[in-house]
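Participant: Here is my input, please return the structure:
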Amino acid sequence: MIMILLDTNIILDYAQIRENFFEHARKIFEKIDNKNLCGFISASSVTDIFYLLLKKMDTCEAKKKLVKLLRILKVLPVDRQIIDIALDSSINDFEDAVQVFAARAMNISIVVTRDKTGFVDSGMTVFTPHEFLTYLESQ
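Facilitator: Next up is the predicted model:
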């Protein structure tokens with residue numbers, strides 16, 4: 001089974017039904033929910049997502065959304081070793097570096113994001129949602 005790291009922006013596209021981005025995110029989440037893919041999120045991203053959900057909805061609704069997301073996605077652990085590696089890496093965006101090294105520690109080599117620049121020098125295969133769905137169709 002293909003294992004993927006979902007960047008925070010993809011999760012928010014899905015959770016917030018963001019115009020122009022939701023449909024691709026929905027298709028990816030559908031494949032994860034149907035057990036055709038295994039989707040991961042870093043533990044450090046969970047709090048970021050909750051915080052960003054709170055900007056659009058009340059606490060109760062944000063918690064419900066997060067619970068639904070976490071029923072579908074697996075959470076990658078983030079510990080001191082991951083943080084130290086991320087700090088020492090050449091990846092400029094620290095949040096992205098933490099996600100990358102948490103994923104790589106679990107042998108995940110694909111990240112799906114709308115901001116590919118954050119994953120330059122990550123050593124991972126980086127797809128936009130559209131590119132990833134096209135890739136899946138070719139398999």
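Participant: And the helices in the protein?
Facilitator: 8-15, 22-33, 43-54, 59-72, 80-88, 94-105, 129-138 (DSSP state H).
Participant: any low-confidence regions in the protein?
Facilitator: Within the chain, not a single segment meets pLDDT under 70.
Participant: correct me, but Thr128 touches Thr113?
Facilitator: Yes - with contact defined as CB atoms under 8 Å, Thr128 counts as touching Thr113 (7.0 Å). All C-beta spots, glycine's among them, are computed from the backbone N, C-alpha and C.
Participant: what about those two, which has more around it?
Facilitator: Thr113 (22 against 15; other CB atoms under 10 Å).
Participant: Tell me if I'm right that the more buried one and His130 touch.
Facilitator: No - the criterion here is CB under 8 Å, and Thr113 misses it with His130 at 11.7 Å.
Participant: Once you drop chain neighbours, what's closest to Leu76?
Facilitator: Nearest in space to Leu76, with sequence neighbours left out and distances taken as CB to CB, 6 or more residues apart in numbering, is Ala102 at 4.1 Å.
Participant: Pull up the gap between the one you found and Ile41, please.
Facilitator: Distance, Ala102 to Ile41, using CB to CB, to the nearest Å: 9 Å.
Participant: Name the residues contacting each of the two.
Facilitator: 5, 76 (CB atoms under 8 Å, 6 or more residues apart in numbering).
Participant: which residues does His24 contact?
Facilitator: Counting by CB under 8 Å, 6+ apart, His24 has contacts 13, 128-130, 133.
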